[in-house]
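Take a look and give me a structure for this.
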Amino acid sequence: MVVVIGLASIVFILGIDPFTVAYTLAHGKVTHDRTHVAGFLENRQLRLGFLTVLAGTALTGLSVGVIAMDSWGSDEHVADGPLIGVLRSLRERQASVPKDKAFALSSVLYSLDISHADANHDLSLGEVYHRLFLDLLHFQPAVINLLVDVNPASGWEREVPSWVPDWSTIRQRPWLKPEHVYDHIDKYQDNLPAPHMKISEGKLGLWGTLEGTVAACTTTMFDRQSFAWDDLQFPSQMLSMLLRFFIQAQDILTDASPPVCLSAEIARVVRGCVPNLDGQHTTALTECLEACSQSMEVSQRIETHYGANDTSLFALVEDLETSHRDNLDLALMCCSQLMRSESCLFLTTQGSVGVGPIDTEKGDTIALLRGVAVPMLLRPAEEEQGNQHTFSVIGPAYIEKHMDLSEFNAGVHGIDWVAVYLV
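Purely as a prediction, here's the structure:
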């Protein structure tokens, strides 16, 4: 392994042809004749596997070099492990200078014949990832699942389409498990029909279903710029925000059929998204919300359900802080962890509670996109193009009933499917 690390570093620092290195290691002699090298590497699996280990080691040091080698050699990913190794290097490698990582991965994909464009160091980070993602999609359509890495906070909207993933940082989404990313891509490569899509520089066309819109969300209840993240007021501010959302959501669900127990639904979703919580935490959260629900005066004491009468709302907060102190501490722990992971709670027009990116807004659309393992939040494009369903991408969402989309993704075309265009 040490030899591979050293060799890989030399190869990529000096720009030595990795195909030549592969032939040299296998045959014990140097050749510059690409016909010999091509003969040795005509087995695509061998070429991808060797270069994945070599490239992954050079890019990431020992840790991701081991990731690539494990993926190549494991029984779990026999057929397509090398691609998974590349994707893990792309997503998980931490770099002090994000642009270094971007151009390094660009060189790797070029070496693997996945990309056919030379590195252009005049490109911005967003433009590099745009090109990388397009190359990966053309090479293996199952990679469309990496839409889960979209990050609107990257600020790339003006230079690249909204569907370009941001791999410059590692987003902490505890609910987004490895099986939602790598295992899902493996399934498509091995067992499921390839996701049909229209790929162009600025637009992706996919098949999917639209599952309602966001009717309420916690991010509309507070100003991120003035939120006291490290202040003593943080617990009260956060509780006020949660209660505003709860009251508004209850109002929306008044005539829901079948009836929805909103407090239990919120607690269940939070437990599914926040790590290291137990029944004690979620029970406390449920009881605090039920105490709010049982207060018949709430809707009368608050002039509007959106918090216009802050005095009344803070009176309710003080009442909970006094009468439910123990439960409240545990409940606030749940909510603070959710918020610090840059996530928000939302309610859909179909009555489902979910968790999405902190950029979520009322009116965003929940979509199931063929080829993507989890629901995606989309925002209607400012300019609709004809009768097309055209959206920008906000990011992945946790909605409990949609967290296993195996049946949906195994289908070729459903009766309620529509063409969804991402811009």
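
Determine the longest strand present in the protein.
strand 204-217 (DSSP state E).

in the helix or strand just after that strand, what's buried?
Downstream of strand 204-217, the first helix or strand assigned by DSSP states H and E is helix 234-252. The neighbour-count check on helix 234-252 (16 or more other Cβ atoms under 10 Å) flags 235-250, 252 as buried. In short, each C-beta sits where N, CA and C put it, glycine included.

With stretch 355-369 instead?
Buried-residue list, stretch 355-369, by 16+ other Cβ under 10 Å: 355, 356, 357, 358, 359, 360, 364, 365, 366, 367, 368, 369.

surely the third one meets residue 379?
No. Using Cβ atoms under 8 Å, residue 357 makes no contact with residue 379, being 11.0 Å away.

Identify the contacts common to these two.
Any residue near both residue 357 and residue 379 by Cβ atoms under 8 Å, 6 or more residues apart in numbering counts here, and that gives residue 394.

Output the buried residues of stretch 355-369 in CSV; the columns should cover distance to residue 172 and secondary structure.
As requested, those are exported to CSV (distance: Cβ to Cβ, whole Å; DSSP: H, G, I helix; E, B strand; the rest coil):
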residue, distance to residue 172, secondary structure
355, 13, strand
356, 14, strand
357, 12, strand
358, 12, coil
359, 15, coil
360, 17, coil
364, 21, coil
365, 25, strand
366, 22, strand
367, 23, strand
368, 24, strand
369, 23, strand
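
How many residues are close by residue 254?
Using other Cβ atoms under 10 Å, residue 254 is surrounded by 7 other residues.

Any stretches of the stretch 151-300 of the chain with poor pLDDT?
For the stretch 151-300 of the chain, the stretches flagged by pLDDT under 70 are 156-157, 220-236, 294-300.

just to revisit the earlier point, in its sheet, which strands sit next to the longest strand of the chain, and in what direction?
Each strand paired with strand 204-217, and its direction, by DSSP bridges: strand 197-199 (antiparallel), strand 343-348 (antiparallel), strand 365-369 (antiparallel), strand 418-422 (antiparallel).

and those strands, which is most packed in?
strand 343-348 (a mean of 26; mean count of other Cβ atoms under 10 Å).

what sits up against it?
Taking Cβ under 8 Å, 6+ apart as the rule, strand 343-348 contacts 173, 211-219, 242, 245, 249, 252-253, 266, 269-270, 273, 338, 353-358, 360, 364, 366, 397, 399.

gap between residue 403 and residue 352?
11 Å (Cβ to Cβ, to the nearest Å).

Compare the two (neighbour count), which wins?
Counted by other Cβ under 10 Å, residue 403 and residue 352 do not tie: residue 352 has more neighbours, with 21 against 15.

Tell me where the stretch 301-423 of the chain has strands.
With DSSP state E, counting those that start in this stretch as the definition, the stretch 301-423 of the chain shows strands at residue ranges 343-348, 353-357, 365-369, 376-380, 389-396, 398-399, 418-422.

Output the longest one as PDB - backbone C-alpha positions only.
Provided in PDB are the C-alpha atoms of strand 389-396 (Å, rounded to 0.1, in the frame of the first residue of the first chain):
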ATOM      1  CA  HIS A 389     -42.700  21.200 -15.800                       C
ATOM      2  CA  THR A 390     -39.600  23.200 -15.300                       C
ATOM      3  CA  PHE A 391     -37.800  23.500 -12.000                       C
ATOM      4  CA  SER A 392     -34.600  24.500 -10.200                       C
ATOM      5  CA  VAL A 393     -33.300  22.000  -7.700                       C
ATOM      6  CA  ILE A 394     -33.300  22.800  -3.900                       C
ATOM      7  CA  GLY A 395     -32.000  19.500  -2.600                       C
ATOM      8  CA  PRO A 396     -33.000  16.100  -1.100                       C
END
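
tell me the angle that strand makes with strand 353-357.
Angle between the axes of strand 389-396 and strand 353-357 is 90 degrees (criterion: axes from the mean of the first three to the mean of the last three Cα atoms, to 10 degrees).

elements contacting strand 389-396?
Under the contact criterion of 3 or more Cβ pairs under 8 Å, 6 or more residues apart in numbering; DSSP states H and E, strand 389-396 touches strand 353-357, strand 376-380, strand 418-422.

so the last one versus strand 376-380, what angle?
The one in question is strand 418-422. 80 degrees.

buried residues in stretch 369-377?
So for stretch 369-377, counting by 16+ other Cβ under 10 Å, buried means 369, 370, 371, 372, 373, 374, 375, 376, 377.

er, stretch 321-334 actually
By neighbour count on 16+ other Cβ under 10 Å, the buried set for stretch 321-334 is 324, 327, 328, 330, 331, 332, 333, 334.

between these, which is closest to residue 388?
residue 334 (40.1 Å; Cβ to Cβ).

for the strands of the stretch 301-423 of the chain, which one sits closest to residue 90?
strand 389-396 (16.9 Å).

so what strands line up beside the closest one?
Applying DSSP bridges, you get strand 376-380 (antiparallel), strand 418-422 (parallel) as the partners of strand 389-396.

if you average pLDDT over that strand, what comes out?
On average, the pLDDT along strand 389-396 is 95.

just use 82 as the starting number from now, easier for me
Okay, residue one is now 82; in that scheme the one you just asked about reads as strand 470-477.

how about low-confidence regions in the stretch 382-504 of the chain?
In the stretch 382-504 of the chain, residues with pLDDT under 70: 382-398, 464-468.
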